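>>> structure, please.
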Amino acid sequence: MIFTQWSRIFHKGKGSKVLEFKESSEMSVNDKSLKTWQKAYRRELTKFFGKLLESLKPRTLESLSKGFTLIEIIIVIVILAFVSGITIYFLINSLKIYTMTVNQKTLFDEGKLALERMCRDIRDANLISWPNPGASDNLVTFTRTNNTGPSQDTANETITFRKTGSNLEKVKAATPYVIAENVSTFTVTRNSGDEIQLFLELSSVSAGVTLRVTLQTKVYPKNLAKDATYTYKNFFQNWKEDISS
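Predicted coordinates:
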């Protein structure tokens, strides 16, 4: 029996070399001849794969099995820690600014409401008992003309606005009612024309920072008795604020 054996093995390397060998021989079909041919075939394959492995660069094999070094891991950890620190810093600052803004807005609203309440009551006054014309103090006492509704201020009732500690109080019938807190300064100035100037400052500490809100306004009593100092702003006890239903 005649065998003709062709074998081709392709190696993708530089130059794409092709190892080809041809073995052609006449062999009898017996075990001895078959074993001889198998040994020759294996020997050629062994030589080919040996050359194939030698052609691979050691750096290529090393890069395939190489992982992260300790220095690389430390560098990554340091970079992540730096970025995380900056992010946390900005987040904390943003939270502080937001908290301070909210607290300052609360102070402003509280002071504005207190000034509005005082102005509405003083505007209805027919007599300013204190302070005297041209004087200043941390309280104002007056007598209002009209009532403000059931269970509220009554006509001809004496009312005082004063600062007690850090509270701004409205006192009537010897009973104080707190209308604002966190008050650091309250000043009432009365000029010679009976115009009242109110100065109010509120302060509080937020996130380690002292917040301050300063408000001031002027109000003229409209129901004072007619005298030599009256102005066009005076209605001579004929002014009354309508109570909305």
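>>> from now on I want contacts and neighbour counts done on CA atoms only, so please keep to that.
OK.
>>> list the beta-bridge partners for residue 180.
Judged by DSSP bridges, the bridge partners of residue 180 are residue 168.
>>> what about the helices in this structure?
Assigned by DSSP state H, the chain shows helices spanning 31-55, 58-65, 70-123.
>>> okay, these in CSV with mean neighbour count, mean pLDDT and distance to residue 168 next?
Formatted as CSV, those follow (neighbours: other C-alpha atoms under 10 Å; pLDDT from 0 to 100; distance: least, C-alpha to C-alpha, whole Å):
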stretch, mean neighbour count, mean pLDDT, distance to residue 168
helix 31-55, 12, 72, 93
helix 58-65, 9, 52, 77
helix 70-123, 14, 93, 8
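>>> now those in TSV, with distance to residue 160?
Output for these, formatted as TSV (distance: least, C-alpha to C-alpha, whole Å):
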stretch	distance to residue 160
helix 31-55	103
helix 58-65	88
helix 70-123	10
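>>> contact partners for the closest residue to residue 224 other than its chain neighbours?
Leaving aside its sequence neighbours, residue 224 sits nearest to residue 126 (C-alpha to C-alpha, 6 or more residues apart in numbering; 4.2 Å). Applying C-alpha atoms under 8 Å, 6 or more residues apart in numbering to residue 126 gives the contacts 142-145, 221-225, 237.
>>> and residue 126, what pLDDT?
On the pLDDT scale, residue 126 is placed at 90.
>>> ok, it to residue 140 distance?
Shown here: residue 126 relative to residue 140, a distance of 13 Å by C-alpha to C-alpha, to the nearest Å.
>>> and what of residue 78?
64 Å.
>>> do residue 100 as well
In this view, residue 100 and residue 140 are 32 Å apart by C-alpha to C-alpha.
>>> so what touches stretch 175-186?
By C-alpha under 8 Å, 6+ apart, stretch 175-186 touches 107, 110-111, 114, 138-139, 162-163, 165-171, 198-204.
>>> so among the residues you listed, which ones count as buried?
For the contacts of stretch 175-186, a burial check counting by 16 or more other C-alpha atoms under 10 Å picks out 107, 110-111, 114, 138-139, 162-163, 167-171, 198-204.
>>> how much space between residue 163 and residue 195?
On the measure of C-alpha to C-alpha, residue 163 and residue 195 end up 20 Å apart.
>>> again with residue 240
On the measure of C-alpha to C-alpha, residue 240 and residue 195 end up 18 Å apart.
>>> what's the answer for residue 160, then?
In terms of C-alpha to C-alpha, residue 160 sits 17 Å off from residue 195.
>>> pick out whichever of the two has more residues nearby.
Shown here are residue 160 and residue 195; by other C-alpha atoms under 10 Å, residue 160 has more neighbours (20 against 16).
>>> please name the residues that touch residue 166.
181-184.
>>> and the gap between it and residue 99?
Here the criterion is C-alpha to C-alpha. By it, residue 166 lies 22 Å from residue 99.
>>> same thing with residue 164?
In this view, residue 164 and residue 99 are 28 Å apart by C-alpha to C-alpha.
>>> what do you get for residue 93?
To residue 99, residue 93 is 10 Å away according to C-alpha to C-alpha.
>>> could you tell me how many residues sit around the residue lying closest to residue 125 once chain neighbours are set aside?
The shortest distance from residue 125 to any non-neighbouring residue, by C-alpha to C-alpha, 6+ apart, is to residue 144 (4.0 Å). Neighbour count for residue 144, taken as other C-alpha under 10 Å: 26.
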